[in-house]
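J.: coordinates for the following, if possible.
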Amino acid sequence: MNPLDNSHHARHPHPTTPATGELAVTTASMDDWLQVARWAAEEGWNPGRGDAPSFHAVDPAGFFIGRLGGRPVSAVSIVNYSPQYAFLGFYLVHPDHRGRGLGLATWRAAFPHAGDRTVGLDAVPAQQANYQRAGFTSAHQTTRYGGIPTPTTPTDPPAITPVADCHLNSLAAYDQQCFPADRSTFLARWLTAPGHAAYAAVRDGEITGYGVIRPAQDGRRIGPLFADTPEDADALFNTLITHLSPGEEVHLDIPEPHKGALSLAGAHGLAPRSHTIRMYTGPVPPTHEDRTYAVTTLELG
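T.: This next block holds a predicted model:
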């Protein structure tokens, strides 16, 4: 089974799903979301070990939990990044309570949080048609690559420096060229979270890329990996994987329109493990897609 087969998109709401009047859907506390993170791990999503605090702080009002008799049974997040853009993730129902319409009820209670924003998500292939019926349009495929990486010898490498507080504003500005919204609040936590290692590529005093590696349930995950050139991306990747233990795997999610990113994964001996489809409900602010060698997360974009 692919690790994403039971992902947050695997139970897309369907119009024939029965109603569930007894379900209470509320915003989720940090403690609630730690429980949801455990569900995600049990589903095989391979989340980062410390993702929940960084995720929840982005938009605390955008995390929803469904309860039956006070017991958490369902969840979804709809994180509002800007007045124009939101991202949906963590859409799941506890295995003991599936097939009862709880996912649809949770979706209906939570989705208005996005207002009239464009909403993005990453869908498993089996649910792509369901999302299309709900108004989402497919943009591209994203493939998860993984394995024990082989280092390369970068040509014309930039200077690689550990990210420090003095870099945060510059990195936030660079990130906004690669992501459809300003996510400074998220980055301030993501770049400095416990267990995370973040590096910037610098040429002539200017940032030309950055990357983050973090511990996951299985191995480590890289995300994001943004860079101006293949040389900068390769140098960052080689630095990030120095944090792996011998025999430890690394995983990253690559948007397939970027052939250079796929080549980078292959050059380091990584293989495709699963894939999702990025989908949107409306227009997305333009970004430098050619700089995306790995997305940040499938849960928050």
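
J.: can you give me the helices in the stretch 51-200 of the chain?
T.: 51-58, 102-110, 128-133, 168-176, 184-190 (DSSP state H, counting those that start in this stretch).

J.: what is the burial count for P230?
T.: P230 has 18 neighbours, counted by other C-beta atoms under 10 Å. Backbone N, C-alpha and C define where each C-beta goes, glycine included.

J.: please name the nearest non-neighbouring residue to it.
T.: Of all residues not flanking P230 in the chain, G260 sits nearest, at 4.9 Å (C-beta to C-beta, 6 or more residues apart in numbering).

J.: so the one you found is in contact with T292, correct?
T.: No - G260 is not in contact with T292 according to C-beta atoms under 8 Å; the separation is 10.0 Å.

J.: pick out whichever of those two has more residues nearby.
T.: Taking neighbours as other C-beta under 10 Å, G260 and T292 compare with T292 leading, 23 against 15.

J.: got the buried residues for stretch 289-301?
T.: Applying a neighbour-count criterion of 16 or more other C-beta atoms under 10 Å, one finds 290-301 buried in stretch 289-301.

J.: can you pull the pLDDT of the residue nearest to W190 when sequence neighbours are not counted?
T.: Take W190 and drop its neighbours on the chain: the residue closest to it by C-beta to C-beta, 6+ apart is S54, 5.1 Å away. At S54, the model reports a pLDDT of 93.

J.: for R100, see how far away S54 is.
T.: 32 Å (C-beta to C-beta, to the nearest Å).

J.: what does D175 give?
T.: Where R100 is concerned, D175 sits at a distance of 40 Å (C-beta to C-beta).

J.: follow-up on the earlier one: the buried residues of stretch 289-301 in strands, which ones?
T.: Using DSSP state E, 292-294 are the members of the buried residues of stretch 289-301 that sit in strands.

J.: beta-bridge partners for T27, please?
T.: Taking DSSP bridges, one finds F64 as the beta-bridge partners of T27.

J.: returning to that earlier point: surely the residue nearest to P230 is within a helix?
T.: Yes - when DSSP: H, G, I helix; E, B strand; the rest coil is applied, G260 is found to be in a helix.

J.: all the strands of the stretch 101-250 of the chain, in order from the start?
T.: Under the criterion DSSP state E, counting those that start in this stretch, strands of the stretch 101-250 of the chain are mapped to 118-123, 137-147, 159-162, 197-203, 206-215, 220-227, 250-255.

J.: okay, those, which one's buried deepest?
T.: Each of the strands of the stretch 101-250 of the chain was scored by mean neighbour count; the highest is strand 220-227, a mean of 26, by mean count of other C-beta atoms under 10 Å.

J.: so who does the nearest residue to A61 once chain neighbours are set aside touch?
T.: Spatial nearest neighbour of A61, excluding adjacent residues (C-beta to C-beta, 6+ apart): T27 at 5.6 Å. Contact analysis of T27 by C-beta atoms under 8 Å, 6 or more residues apart in numbering lists 60-61, 63-65.

J.: same thing but at 10 Å, please
T.: Applying C-beta atoms under 10 Å, 6 or more residues apart in numbering, we find T27 in contact with 60-65, 110, 113.

J.: kindly report the same for V79.
T.: By C-beta under 10 Å, 6+ apart, the contact set of V79 is 55-56, 58-63, 85-90, 113-114, 119-120, 181, 183, 186, 299-301.

J.: still on that earlier bit, figure out which of the strands of the stretch 101-250 of the chain is closest to T276.
T.: With C-beta to C-beta, the closest approach to T276 among the strands of the stretch 101-250 of the chain belongs to strand 118-123: 4.1 Å.

J.: rounded mean pLDDT for the closest one, please.
T.: Mean pLDDT, strand 118-123: 96.

J.: relative to that strand, what are the paired strands and their orientations?
T.: Looking at strand 118-123 with DSSP bridges, its partner strands are strand 85-93 (parallel), strand 271-280 (antiparallel).

J.: out of those, which is the most enclosed?
T.: strand 85-93 (a mean of 26).

J.: ok now that one, how far from the chain's centre?
T.: Relative to its parent chain, strand 85-93 has a centroid offset of 10 Å by C-alpha atoms, centre = their mean, to the nearest Å.

J.: quick one, that strand and helix 51-58 angle?
T.: Angle of strand 85-93 versus helix 51-58, following axes from the mean of the first three to the mean of the last three C-alpha atoms, to 10 degrees, is 130 degrees.

J.: just the CA atoms of strand 85-93, as CSV, please.
T.: Extracted C-alpha coordinates of strand 85-93, given in CSV (Å, rounded to 0.1, in the frame of the first residue of the first chain):
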residue,chain,number,x,y,z
TYR,A,85,-5.0,31.9,-0.6
ALA,A,86,-5.8,29.0,1.7
PHE,A,87,-4.6,25.3,1.8
LEU,A,88,-6.6,22.2,2.9
GLY,A,89,-5.1,19.2,4.6
PHE,A,90,-5.4,16.6,7.4
TYR,A,91,-8.8,15.5,6.1
LEU,A,92,-9.4,12.2,7.8
VAL,A,93,-11.7,10.2,10.0
